[in-house]
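Q: please work out how this folds:
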Amino acid sequence: MNILVIGSGGREHTLAWKLAQSPKATKLYAVPGNPGMTDVAECIPGVDICDNDALVKLAKDKAVDLVVVGPEVPLTNGVVDAMNAAGIRAFGPTKLAAEIEGSKSFSKNLMKKYGIPTARYEVFTDAEAARDYVRKEGAPIVIKADGLAAGKGVIVAMTLDEALDAVHEIMDDAAFGKAGSRVVIEEFMDGEEASLLAFTDGRTICPMVSSQDHKRAYDGDKGPNTGGMGTYAPAPVMTKALVAEATEKILKPVIAAMDKEGRPYKGCLYAGLMITKEGPKVVEFNARFGDPETQVVLPLLESDLVDIMLACTDGSLADMDIQWSEGAAVCVVMASGGYPKSYQKGFAIDGLEKAKAADTLVFHAGTAEHDGRIVTAGGRVLGVTACAGQVRDAVKKAYDGVRCISFQGAFYRQDIAHRALERAKK
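A: You can find the predicted model right below:
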């Protein structure tokens, strides 16, 4: 089969790496791809991933049998609909189904309507009304831009001033553009977060190995929110009982709800969860694989990813017996100095081959090639991933790999998987 992966980040590199392991994958293409993906795919730069007509033409020209969509923007732009209309299989939700991520207010209203556990909330389009509500509710409180904001449009305000500043930043200053013209203001949920991704064909839902992201920029979960500074799987907080509870009370009901709403959902559904005293509650849904969760979940997948994706598109997921490794995986993100705010690009990256030789997987997230050298080209530059039988051994291997790599201004958190390590001590 010829397979086309849409996207250029660490998630897409991981997807291409895993798809390439399938005997069914005869040729992989990536648009636009990144330098790290050239080991497994032919990268095709110069095509706008939001231009559905151009993507369909490319898929036809390359006789593509399966399109795998990585980022959220092409999904909410309807690329799966365009591929389906052209008779090309595509893994991912349609435009209507992807609204579960594209609009937080849609997602929250859906959960409210169908009794899916989540935080109490209100939606505002007027900044002054939002500020009045914040003053009435007090802090801590959570302010979210309604639309897509590259994983950065959520502000957990621990004080009233922080909450009011967040409303001003999102609505008055338009820090996230049109995504912040509407805000969702939620009650603060106390607990431990976890991510539970699942494959679904619109009827059957198969949870993946749980994982836990580290959103804050600095050690000790300090600093601004980022797209994710590292992750590990499985997450010990997600016991088998909690995974079963989340599947029965959240994943299955939301897939059924989307079908009832005339928005059948196929692909990967990402549930960001808060494990509260009352049980798991939804923080957010994403309409695609998480980043960097993909970098630890897929290395633990033992089954053929192509087979699973075809089953999702064809409606035969119930026939699959998906197998997972019993081990653990850890991913440490190496970022550009200044991220998630302004940062410089174009710094040469050294030590990539040395890190691979140290038994780590190096997934490129924000890199480019310049004069034969791999250079930095984004905020999150690399995801260094390691697998082992125990999480503590995977942590050691991942950081051994990180220490092989250097570039100007590089920084990374040094406490990835700290919650799992603390639990192991008890």
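Q: count the residues that sit near residue 425.
A: Burial of residue 425 is recorded as 6 neighbouring residues (other CB atoms under 10 Å). The way it works is simple: take the backbone N, C-alpha and C, and place the C-beta from them, glycine included.
Q: just residue 389 next, same as before
A: Residues near residue 389, counting by other CB under 10 Å: 11.
Q: now the residue nearest to the spatial centre of the chain: phi and psi?
A: Central residue of the chain (CA atoms, centre = their mean): residue 290, 1.6 Å from the mean position. Main-chain dihedrals, residue 290, degrees, to the nearest 10: phi -80, psi 160.
Q: which residues touch it?
A: Taking CB atoms under 8 Å, 6 or more residues apart in numbering, we find residue 290 in contact with 11, 195, 197, 211, 213, 228, 231, 270, 297.
Q: I'd say the second one and residue 268 touch.
A: If I follow you right, that is residue 195. No - counting by CB atoms under 8 Å, residue 195 does not reach residue 268; the two are 11.5 Å apart.
Q: got the contact list for residue 341?
A: Counting by CB under 8 Å, 6+ apart, residue 341 touches residue 224.
Q: re earlier: would you turn the contacts of residue 290 into JSON lines with pLDDT?
A: Converted to JSON lines, those look like this (pLDDT from 0 to 100):
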{"residue": "11", "pLDDT": "98"}
{"residue": "195", "pLDDT": "97"}
{"residue": "197", "pLDDT": "98"}
{"residue": "211", "pLDDT": "98"}
{"residue": "213", "pLDDT": "95"}
{"residue": "228", "pLDDT": "94"}
{"residue": "231", "pLDDT": "98"}
{"residue": "270", "pLDDT": "98"}
{"residue": "297", "pLDDT": "98"}
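Q: show me the residues you listed that map onto helices.
A: Among the contacts of residue 290, the ones falling in helices (DSSP state H) are 11, 297.
Q: narrow the contacts of residue 290 to just the buried residues.
A: Taking 16 or more other CB atoms under 10 Å as the criterion, what is buried in those is 11, 195, 197, 211, 213, 228, 231, 270, 297.
Q: out of the residues you listed, the closest to residue 103 would be?
A: residue 270 (15.5 Å; CB to CB).
Q: so the nearest residue to that closest one once chain neighbours are set aside versus residue 121, what's the distance?
A: Excluding its sequence neighbours, the residue lying closest to residue 270 (CB to CB, 6 or more residues apart in numbering) is residue 286, at 3.7 Å. Per CB to CB, to the nearest Å, residue 286 is found 18 Å from residue 121.
Q: look at those two and report which has more neighbours.
A: Neighbour totals were compared for residue 286 and residue 121, and residue 286 leads with 23 against 17 (other CB under 10 Å).
Q: pretty sure that one sits against residue 265.
A: No - using CB under 8 Å, residue 286 makes no contact with residue 265, being 11.9 Å away.
Q: where does the prediction get shaky in the stretch 51-200 of the chain?
A: For the stretch 51-200 of the chain, the stretches flagged by pLDDT under 70 are 151-152.
Q: for it, which segments are assigned as helices?
A: Under the criterion DSSP state H, counting those that start in this stretch, the stretch 51-200 of the chain carries helices at the ranges 52-61, 72-76, 79-85, 95-102, 104-114, 127-137, 160-167.
Q: in the last one, what counts as buried?
A: Burial within helix 160-167, assessed by neighbour count using 16+ other CB under 10 Å, is assigned to 162-164, 166-167.
Q: tell me what angle it forms with helix 127-137.
A: Per axes from the mean of the first three to the mean of the last three CA atoms, to 10 degrees, the angle that helix 160-167 makes with helix 127-137 is 160 degrees.
Q: packing partners for helix 160-167?
A: Judged by 3 or more CB pairs under 8 Å, 6 or more residues apart in numbering; DSSP states H and E, the packing partners of helix 160-167 are helix 127-137, strand 141-145, strand 154-157.
Q: now tabulate the ones you listed in TSV and tack on mean neighbour count.
A: Shown next, in TSV, are these (neighbours: other CB atoms under 10 Å):
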stretch	mean neighbour count
helix 127-137	15
strand 141-145	24
strand 154-157	20
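Q: list the contacts for the closest residue to residue 335 other than its chain neighbours?
A: Excluding the flanking residues, the one nearest residue 335 by CB to CB, 6+ apart is residue 380, at 5.3 Å. Neighbouring residues of residue 380 by CB under 8 Å, 6+ apart: 9-10, 226-229, 292, 333-336, 339, 365-366.
Q: among the residues you listed, which are located in helices?
A: residue 10.
Q: now, the contacts of residue 380 that are in strands?
A: Members of the contacts of residue 380 lying in strands (criterion: DSSP state E): 333-335.
Q: top of these by neighbour count?
A: residue 333 (32 neighbours).
Q: ok, it touching residue 383?
A: Yes - at 5.4 Å, residue 333 and residue 383 qualify as touching, with contact defined as CB under 8 Å.
Q: which neighbours do the two share?
A: Common contacts of residue 333 and residue 383 (CB under 8 Å, 6+ apart): 10, 230, 292, 365.
Q: show me what contacts the third one?
A: Going back to what we said before, that points to residue 292. 10-11, 213, 228, 230-231, 331, 333, 365, 380, 383 are the contacts of residue 292 under CB under 8 Å, 6+ apart.
Q: format the helices of the stretch 51-200 of the chain as a markdown table; extra columns: distance to residue 246.
A: Formatted as a markdown table, the helices of the stretch 51-200 of the chain follow (distance: least, CB to CB, whole Å):
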| stretch | distance to residue 246 |
| --- | --- |
| helix 52-61 | 34 |
| helix 72-76 | 22 |
| helix 79-85 | 25 |
| helix 95-102 | 16 |
| helix 104-114 | 13 |
| helix 127-137 | 27 |
| helix 160-167 | 28 |
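Q: quick one: which of the ones you listed is nearest residue 281?
A: Closest to residue 281 of these, according to CB to CB: helix 104-114, at 9.3 Å.
Q: and the contacts of that closest one?
A: 99-101, 116-118, 121, 123, 144-147, 182, 184, 186, 253-254, 256-258, 260-261, 282, 284-285.
Q: that one to strand 141-145, inter-axis angle?
A: Calculated by the same axes, to 10 degrees, helix 104-114 forms an angle of 120 degrees with strand 141-145.
Q: rewinding a little: any chance of a markdown table for the contacts of residue 380, columns distance to residue 353?
A: A markdown table is the format used below for the contacts of residue 380 (distance: CB to CB, whole Å):
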| residue | distance to residue 353 |
| --- | --- |
| 9 | 21 |
| 10 | 18 |
| 226 | 27 |
| 227 | 26 |
| 228 | 25 |
| 229 | 24 |
| 292 | 22 |
| 333 | 20 |
| 334 | 15 |
| 335 | 21 |
| 336 | 21 |
| 339 | 24 |
| 365 | 18 |
| 366 | 19 |
